[in-house]
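Asks: with the sequence up front, the predicted model follows.
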Amino acid sequence: MFSVKKLAGVAAIAAAGLVLSACSGPSADNSSSSSSAPSAAAPSTGGPLKVAVVTHGSAGDAFWNVVKNGAEQAGKDLNVGVDYYSDGDPGNQAKLIDNAVAQKVGGLVVSMANPQALQTSIQNAVKAGIPVVTINSGEDSSAQFGAIAHVGQSEGLAGQGAGQRLKAAGKTKLLCVIHEAGNIGQNQRCDGAKQAFGNVTTLQVDISNPTDAQARIRGALQSDPSIDAVLALNSQVAARAVDAAKEASSKAQVATFDLNADVVAAIEAGTILFAVDQQQYEQGYLPIVFLKLYKENGNTIGGGHPVQTGPGFVDKTNIDTIAPYAQRGTR
């Protein structure tokens, strides 16, 4: 079992690295509500810490598999029991949180693609004395709901970074593909891209129906030949966008958020321009570290502001370094 001193070192090193790579400061909502986050915890008793990780990931989603890998590895490294659950339906995700609270887990990690649907469940966890760390999305609501920390990337700024890169590549009209209705983070990405790029149109598809998603992207490119760039918000959608552009005989180049083996191969082959990497392994791993420190030593991190895991960018200049990590499921 790690000592408190060693744990503190792990958290400090990790947090320092994230802060250095961050591209943003706190949101106005976070800074105004940071005082609602708890600042101390009673010492842990009764054996190893048990943590439930509850995300909005869809079954088989490569992105969330990496988050799960990070959380489970942290559990092994730190002698913490980790149970991972996911459901893309906000109502079902709330029920999973309620179940974890009923089981009296020692800590809770939650992604908040739809914060309002989860608010009551998260606040009930906090009222029950269960520390909560939010991840990936919903950073503006994290401290307000009582979470002790948020781990992720600021989606609007990540979108701006993608838009800036596409504009620098000489692109003039961008199609931004949203694949989960109601996911506030995806709208923030497209809005950020529009701020930096300018001429952006959005397209709604359903990630659970990849064939239809590809057909919709193909149709959009065929109906507007002036589109010369496509920004996918998910690695699996990116692969469909590449195929759709070929089928439409479109000049559009594809960029994406997030990595998987297909995206790595496509960057190497030049069919995907770049990937915005939010380093989701850290979104699984770091909350387990933070919860253990909180339970055993009363430590908090971030001061009500998000711990940034991105955005980073992966392209032909660094793909050789990143590819082995993606292959083993940690990027």
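Replies: That came in fine, so what should we check first?

Asks: can we go C-alpha only for contacts and neighbour counts from here?
Replies: OK.

Asks: for T211, grab the count of nearby residues.
Replies: With neighbours defined by other CA atoms under 10 Å, the count for T211 comes to 12.

Asks: swap in G138?
Replies: 23.

Asks: quick check: it vs Q116, distance?
Replies: Distance of G138 to Q116, given as CA to CA, to the nearest Å: 9 Å.

Asks: ok, D77 next?
Replies: The value you get for D77 to Q116, if CA to CA is used, is 34 Å.

Asks: what's the answer for Y85, then?
Replies: Counting by CA to CA, the gap from Y85 to Q116 is 19 Å.

Asks: same deal with V242?
Replies: 34 Å.

Asks: Y85 and Q116: which has the busier surroundings?
Replies: Taking neighbours as other CA under 10 Å, Y85 and Q116 compare with Y85 leading, 17 against 13.

Asks: can you give me the helices in the stretch 1-150 of the chain?
Replies: For the stretch 1-150 of the chain, applying DSSP state H, counting those that start in this stretch gives helices covering 4-21, 28-33, 62-78, 90-102, 115-127, 139-145.

Asks: run a quick neighbour tally on A149.
Replies: 28.

Asks: again but with Q103, I slipped
Replies: Using other CA under 10 Å: Q103 sits among 10 other residues.

Asks: chain neighbours aside, what residue packs nearest to E155?
Replies: The shortest distance from E155 to any non-neighbouring residue, by CA to CA, 6 or more residues apart in numbering, is to R189 (5.2 Å).

Asks: who's in contact with G88?
Replies: By CA atoms under 8 Å, 6 or more residues apart in numbering, the residues touching G88 are T55, H56, G57, S58.

Asks: swap the cut-off to 7 Å and go again
Replies: H56, G57, S58 (CA atoms under 7 Å, 6 or more residues apart in numbering).

Asks: and what of P225?
Replies: S250.

Asks: what are the phi and psi values at it?
Replies: phi -60, psi -10 (degrees, to the nearest 10).

Asks: dig out what the nearest residue to Y84 once chain neighbours are set aside forms beta bridges with.
Replies: Nearest residue to Y84, sequence neighbours excluded (CA to CA, 6+ apart): V53, at 4.7 Å. Counting by DSSP bridges, V53 forms beta bridges with Y84, V109.

Asks: against G106, how distant is V53?
Replies: From V53 to G106 the distance is 11 Å (CA to CA).

Asks: which of the two has more residues huddled nearby?
Replies: Shown here are V53 and G106; by other CA under 10 Å, V53 has more neighbours (28 against 22).

Asks: make sure A193 is indeed in a strand.
Replies: No - checked against DSSP: H, G, I helix; E, B strand; the rest coil, A193 lies outside a strand; its state is helix.

Asks: quick one: the nearest residue to S226 once chain neighbours are set aside from D277, how far?
Replies: Nearest residue to S226, sequence neighbours excluded (CA to CA, 6+ apart): K173, at 6.6 Å. Between K173 and D277 the computed distance is 23 Å (CA to CA).

Asks: okay, which residue is most central for this protein?
Replies: Closest to where the C-alpha atoms of the chain average out (CA atoms, centre = their mean) is N136, at 3.3 Å.

Asks: contacts only, for the nearest residue to it once chain neighbours are set aside.
Replies: Take N136 and drop its neighbours on the chain: the residue closest to it by CA to CA, 6+ apart is G152, 4.5 Å away. Going by CA under 7 Å, 6+ apart, G152 touches I135, N136, S137, Q283, P306, V307, Q308, T309, G310.

Asks: for the second one, give me the backbone phi and psi.
Replies: Going back to what we said before, that points to N136. Per-residue torsions, N136: phi 70, psi -60 (degrees, to the nearest 10).

Asks: so, low pLDDT: which residues of the stretch 1-150 of the chain?
Replies: Within the stretch 1-150 of the chain, the stretches with pLDDT under 70 are 1-47.

Asks: let me fix that, I meant to ask about the stretch 201-331 of the chain.
Replies: For the stretch 201-331 of the chain, counting by pLDDT under 70, not a single residue falls below.

Asks: how about the helices in it?
Replies: With DSSP H, counting those that start in this stretch as the criterion, the stretch 201-331 of the chain has helices spanning 210-223, 235-247, 261-269, 280-297, 319-327.
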